[in-house]
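3D model of this:
(2 chains)
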Amino acid sequence: MDNKDIRVRIAPSPTGFLHIGTGQSALYNWLFAKKMGGKFYLRIEDTDRERSTKEYEESILGALCWLGLDWCGEVIHQSERIQLYRTALEKLLSEGKAFYCHHSQEELEAERQRQEFEKQPPRHECNHKDLPLGKEGGGIIRLNVGDSTQVISFEDQIKGHIEFKAGLLGDFSIARSVSDPLYNFAAVIDDAEMEISHVIRGEDHISNTPKQILVYEALGLPVPLFAHLPLILAPDKSKLSKRHGAMAVVDYKKDYLPDAIVNFLGGLGYTFSKDLLSREEMIQEFELSKVHKSGAIFDTKKLNWINSQYIRRLTPSEFKNLTGLNVSDLAVPLITERLEKLSDAQEFSYLWEAPVYEKELLKWKDSSLEDVKDSLTKTLVVVEELETITDESLRNKLELLSVDTGKASPNNRSVGRGVVFWPLRVVLSGREKSPDPVQLAVVLGKDEVIKRVKEAIGKI
RNA sequence: GGCGCCAUCGUCUAACGGUUAGGACAGCGGCUUUUCAAGCCGUCAAUCGGAGUUCGAUUCUCCGUGGCGCUGCCA
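Coordinates of the predicted model:
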């Protein structure tokens, strides 16, 4: 196969937001297409008119764009290709390869229960395939499989050789009517019509594959190559679902960077040469056959770490755009160096508005409020003497102050530093954990520092 | 119940049939230090079980066991 004939797709149904697993599936399809110089398409599987909505579809498109996974050409909608399915369905029907089944759902349910009780494979082998076509009263359309002895096999590009016995499938359903196709049928028609070369999807579709191969064969269509991706698991190893918290890609938008999500998702099912890498680097290294066979647990800790790495790389303007925060450029690195999730940036509000704190917090270890007042008063003088606050100038002055203060203490010089630096930190940040007070002072500027120090002294 | 997929530290994983079974995240300890973060150093921790093949199995085969998926007139 010529590389330029490589065509892949993802085919989400707009019955919910883009699931994190579908996001990963999209990523691998995209990586494969890019690596091979092929094309990546997006098809919306909206045959279930009851549950599909335009809102979900828009959200899915938005999530894909957010992740930076661009697709080729127009978005394809199954709802607009009913004629395609009808033609194929009528062909199968007229050739006797498909038929109308008139069993009621109650009968089917009873049959299934009986089979389970008798330890038989669950399947429906219809016994009235000769009823007149399209008989009034409807009836579902099934593929005529019967008790075929055929063994259906395929070489999965990730899992290797897989085979099923066709006879165990029964006469499975393919459409509610000629104008109302079901998944296993519509997907085949579309993949064939779109000339999809590799069907890369979640492994929950493995058991659909033999059914689809039978449809390809019944229609005389070329069967594509299949590659089944392992599922992303919840911490308890079950399928990731609502009760495990966020499972939609959009849920991550407020806290995570798309680059981080893509990097994390990529690394969940594939071993790249390093932990952190760009989409371009991933494309370079990607090989479909090297995708892992077993499912991986969604590890938020690892995701957070990756996210923190990307947050640090943000430029001040990128950071401000993302968070909508109006902080000085100088302050940005102070925040990003300590952030795992974007929304946590709110905790650094003292960088753009005066902090509120209890004056008891001003005390360093066993020092008294008088010590604090004394220290802050001296600090105020130091600051006022400076033309402008720079890291070097203020730090030098405060160091001198520390040595001076330390002399009064029998202990080491860190006591002196503590008495000088600690109160200043609290004055500037209102917190016991914060960036270095000198850095804060530089970012805040002389006027603001003087204002906050004076206010503190006044409170004591 | 039937069919299928999978199986190395807590997690993600590496290891032409020969390694002290390696790395990363998390955890823990330390250094640095005015607090946090970062950084650096160190540390804990794994081949599901049983046969077989082999001089030698994490690796190959088989059987168990376990987990997961599918078993829809959803996709």
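
Now do the same contact list for the nearest residue to A:H124 once chain neighbours are set aside.
Once flanking residues are discounted, A:H124 sits nearest to A:G170: 4.7 Å by Cβ to Cβ, 6 or more residues apart in numbering. C-beta: built from backbone N, CA, C; applies to glycine. When contacts are counted by Cβ atoms under 8 Å, 6 or more residues apart in numbering, A:G170 touches A:122-125, A:145.

so which of those comes closest to A:V215?
Checking these against A:V215 by Cβ to Cβ gives A:V145 as the nearest, at 10.3 Å.

Test my guess that that closest one contacts A:L168.
No - shown here, A:V145 and A:L168 do not form a contact pair, counting by Cβ atoms under 8 Å, at 9.5 Å.

if you count what's nearby, which of those two comes out ahead?
Legend: neighbour count by other Cβ atoms under 10 Å for A:V145 and A:L168, higher for A:V145 (24 against 15).

list the buried ones in the strand or helix carrying A:R395?
Following DSSP states H and E, the helix or strand that holds A:R395 is helix A:391-408. Of the residues in helix A:391-408, those buried under the neighbour-count criterion (16 or more other Cβ atoms under 10 Å) are A:393-395, A:397-399, A:401-402, A:405-406.

Looking at the residue nearest to A:H124 now. What's its pLDDT?
On the pLDDT scale, A:G170 is placed at 95.

How about the secondary structure of it?
Here A:G170 is recorded as coil under DSSP: H, G, I helix; E, B strand; the rest coil.

What's the local residue count around A:L330?
A count of nearby residues for A:L330, using other Cβ under 10 Å, gives 14.

Okay, helices next: where are they in the stretch 51-200 of chain A?
A:54-67, A:82-94, A:105-117, A:183-193 (DSSP state H, counting those that start in this stretch).

Show residues contacting the shortest one.
The one in question is helix A:183-193. Among residues not part of helix A:183-193, those counted as contacts by Cβ under 8 Å, 6+ apart are A:9, A:11, A:43, A:45, A:47, A:76, A:78, A:81, A:84-85, A:88-89, A:172-175, A:181, A:196, A:199, A:208, A:211-212, A:215-216, A:219, A:221-222, A:224.

How about it and RNA strand B, any contact?
Yes - using Cβ under 7 Å from any atom of the strand, helix A:183-193 reaches RNA strand B at A:183-184, A:186-187.

Now do the strands in chain A.
For chain A, applying DSSP state E gives strands covering A:7-10, A:39-44, A:76-77, A:98-101, A:140-143, A:151-156, A:160-165, A:173-177, A:180-181, A:198-202, A:225-229, A:232-233, A:296-297.

returning to that earlier point: which members of the buried residues of helix A:391-408 are the farthest-apart pair?
Most distant of the buried residues of helix A:391-408, by Cβ to Cβ, are A:S393 and A:G406, 20.4 Å apart.

for the helix holding A:R395, what is the average pLDDT?
Averaged across helix A:391-408, the pLDDT comes to 84.

Send over it as PDB, restricted to the C-alpha atoms.
Only the C-alpha atoms of helix A:391-408 are listed here, as PDB (Å, rounded to 0.1, in the frame of the first residue of the first chain):
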ATOM      1  CA  ASP A 391      16.500  41.600  43.800                       C
ATOM      2  CA  GLU A 392      20.200  42.300  44.500                       C
ATOM      3  CA  SER A 393      19.900  45.700  46.200                       C
ATOM      4  CA  LEU A 394      17.100  44.700  48.600                       C
ATOM      5  CA  ARG A 395      18.600  41.300  49.300                       C
ATOM      6  CA  ASN A 396      21.900  42.800  50.200                       C
ATOM      7  CA  LYS A 397      20.300  45.300  52.600                       C
ATOM      8  CA  LEU A 398      18.100  42.700  54.200                       C
ATOM      9  CA  GLU A 399      21.100  40.400  54.700                       C
ATOM     10  CA  LEU A 400      22.900  43.200  56.500                       C
ATOM     11  CA  LEU A 401      19.900  43.700  58.600                       C
ATOM     12  CA  SER A 402      19.800  40.000  59.400                       C
ATOM     13  CA  VAL A 403      23.300  39.900  60.500                       C
ATOM     14  CA  ASP A 404      22.600  42.900  62.700                       C
ATOM     15  CA  THR A 405      19.500  41.300  64.200                       C
ATOM     16  CA  GLY A 406      21.200  38.000  64.500                       C
ATOM     17  CA  LYS A 407      23.900  39.400  66.700                       C
ATOM     18  CA  ALA A 408      21.300  40.100  69.400                       C
END
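
From the contact counts, what lies against it?
Taking 3 or more Cβ pairs under 8 Å, 6 or more residues apart in numbering; DSSP states H and E as the contact definition, the neighbouring helices and strands of helix A:391-408 are helix A:369-385, helix A:413-429, helix A:437-444.

could you redo the last one with a cut-off of 6 Å?
For helix A:391-408, the helices and strands in contact under the criterion 3 or more Cβ pairs under 6 Å, 6 or more residues apart in numbering; DSSP states H and E are helix A:413-429, helix A:437-444.

List the contacts of the first one.
The set of residues external to helix A:413-429 that reach it, using Cβ atoms under 6 Å, 6 or more residues apart in numbering, is A:350, A:355, A:361-362, A:364, A:367, A:371-372, A:375-376, A:379, A:398, A:401-403, A:405-406, A:409, A:434, A:437, A:440, A:452-453, A:456.
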